[in-house]
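> Structure for the following, please:
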Amino acid sequence: MRFVDEARIRVVSGSGGNGAVSFRREKYVPFGGPDGGDGGRGGDVVVKATTRRNSLMELRGKTQIVASNGERGGTRQMTGAGADNAVLEVPVGTRLLNDHTGELIADLVEDGAQVVVARGGAGGKGNMRFKSSTNRAPRECTPGEEGEEVMLRLELLLMADVGLLGFPNAGKSTLIRCISSARPRVADYPFTTLVPNLGVVDMGLEGTFVVADIPGLIRGAADGVGLGHRFLRHVSRNRLLLHLISLGPDEAESPAKRYHDIRGELERYDPVLLDRPEVVVLTKIDTVPPEIRDEIVAEVQASVPGQRVHVISAPTHQGIDALVQAIWRMLEQLPAIPAPLVEEPA
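Numbers count the residues shown, from 1 in each chain. Purely as a prediction, here's the structure:
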């Protein structure tokens, strides 16, 4: 299935049914009086999170969701039938925003969580409601309330345990193929990965954890260059960040500089992300001459004091098992889900 993480849709709740004007007419019952019933309530539009979906793909091409109107009131004081709610299912991790104001409506981070985004209108009053000692035969009723209309923007933020960060061609897709059953596209040119991919790493009887292959960032991503904001927002849901730095021969800048450049993009997007637990990984170590490997690792290690720098090679599987075990040990100590973002970073 194609991964879609953004959608816009117009939602309209149902209007309430009109109240009825009616008088009781029965044989042998003079002066029966008013008996017009109230109108039924219009249907709500409800958005519900579910693990059965993993993309907003189903909303592509759908421009609106409209709930049904309530029915008109009837005779004999019968209230019109209320309309059913219109329910929109979205993946867990979806944020709902008012597309016109940018206001956050809800952040659905749990399976089954739901929110009413447009409330149905109340039904109108029938003429029986207006009966009084001075007005025994009222001929007035009220119309049902209009439904609400909202233009929604839906943003899906991946609910993964580990997020893979790095510039294009850092080896993120190769790593996720190596440690999970996910099969993202891999090629030797930049921007091979254009959408996030998820992979599940099986730790046997101990459990599993989910890794998100986030497309390669570029300088200026935090300022909206390329698709930076779309990629960076997925990072906010990850419990642990895996920062990959390529040691490939085509890299013109030092690994330490590229590490700090990515950190700078995170800081400009949302400074809170700098405090997210992190693992630094040097990839493609098999492409580095043996005589300078220790020097390069030491340079990067000096940039991240207090952290262990992992060195891996996917083709030779060097360091892969040790990295997976280190990730698992860290995840066991971390809370389940980071606090959701409430506002879009400036």
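> how does the protein divide into domains?
For the chain, the structural domains run 1-156, 162-332, going by automatic domain parsing.
> any chance of those domains in CSV, plus mean pLDDT and mean neighbour count?
Bear in mind the C-beta positions are built from the backbone N, C-alpha and C, glycine included. Compiled in CSV, these are given as follows (pLDDT from 0 to 100; neighbours: other C-beta atoms under 10 Å):
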stretch, mean pLDDT, mean neighbour count
domain 1-156, 89, 18
domain 162-332, 79, 17
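> Convert the C-alpha atoms of stretch 39-52 to PDB, please.
Output in PDB follows, covering the C-alpha atoms of stretch 39-52 (Å, rounded to 0.1, in the frame of the first residue of the first chain):
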ATOM      1  CA  GLY A  39     -37.300  16.900  15.300                       C
ATOM      2  CA  GLY A  40     -34.500  14.300  15.600                       C
ATOM      3  CA  ARG A  41     -30.900  15.200  16.200                       C
ATOM      4  CA  GLY A  42     -28.500  15.400  13.300                       C
ATOM      5  CA  GLY A  43     -25.600  12.900  13.100                       C
ATOM      6  CA  ASP A  44     -22.100  13.800  14.400                       C
ATOM      7  CA  VAL A  45     -18.900  13.300  12.500                       C
ATOM      8  CA  VAL A  46     -16.500  11.200  14.600                       C
ATOM      9  CA  VAL A  47     -12.900  10.400  13.900                       C
ATOM     10  CA  LYS A  48     -11.600   7.200  15.400                       C
ATOM     11  CA  ALA A  49      -8.100   5.800  15.600                       C
ATOM     12  CA  THR A  50      -7.500   2.200  14.700                       C
ATOM     13  CA  THR A  51      -4.500  -0.100  14.300                       C
ATOM     14  CA  ARG A  52      -6.300  -1.700  11.300                       C
END
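> Now do the helices in the protein.
Counting by DSSP state H, the chain has helices at residues 172-179, 228-235, 255-269, 290-303, 320-332.
> Make CSV from these and add distance to Ser55 to it.
Shown next, in CSV, are these (distance: least, C-beta to C-beta, whole Å):
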stretch, distance to Ser55
helix 172-179, 18
helix 228-235, 13
helix 255-269, 23
helix 290-303, 36
helix 320-332, 25
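> out of those helices, which comes closest to Arg53?
helix 228-235 (16.4 Å; C-beta to C-beta).
> all strands for this structure, in order.
6-12, 45-50, 64-66, 86-91, 94-98, 104-108, 114-118, 149-156, 162-165, 197-202, 208-213, 240-246, 278-283, 309-311 (DSSP state E).
> As TSV, these with distance to Val272 would be great.
As requested, these are arranged in TSV below (distance: least, C-beta to C-beta, whole Å):
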stretch	distance to Val272
strand 6-12	22
strand 45-50	23
strand 64-66	33
strand 86-91	23
strand 94-98	16
strand 104-108	15
strand 114-118	24
strand 149-156	17
strand 162-165	14
strand 197-202	23
strand 208-213	18
strand 240-246	12
strand 278-283	13
strand 309-311	24
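> Ala49 touches Pro91, doesn't it?
Yes. Ala49 is within contact range of Pro91, at 7.0 Å (criterion: C-beta atoms under 8 Å).
> for Ala49, which residues make a bridge with it?
Beta-bridge partners recorded for Ala49 (DSSP bridges): Val90.
> now do Leu108
Bridge pairing for Leu108 - DSSP bridges - gives Thr94.
> Could you pull up the residues touching it?
Val47, Lys48, Ala49, Val90, Val92, Gly93, Thr94, Arg95, Leu96, Gln114, Val115 (C-beta atoms under 8 Å, 6 or more residues apart in numbering).
> roughly how far apart are Val288 and Leu282?
Remark: distance between Val288 and Leu282 (C-beta to C-beta, to the nearest Å) = 9 Å.
> any residues in contact with both of these two?
In contact with both Val288 and Leu282: Leu247, Ile296, using C-beta under 8 Å, 6+ apart.
> which one of the helices of the chain lies closest to Phe23?
Nearest of those to Phe23, taken as C-beta to C-beta: helix 228-235 at 60.7 Å.
> what's in contact with stretch 30-37?
19-26, 73-80, 126-128, 130-131, 136-138, 141.
> Nearest residue to Gly16 in space, ignoring adjacent ones along the chain?
Nearest residue to Gly16 in three dimensions, chain neighbours excluded: Gly144, at 2.8 Å (C-beta to C-beta, 6 or more residues apart in numbering).
> hang on, that neighbour packs against Gly14?
No. When contacts are counted by C-beta under 8 Å, Gly144 is not listed as touching Gly14 (9.0 Å).
> Now do the shared contacts for those two.
Gly42, Asn69, Gly70, Gly121.
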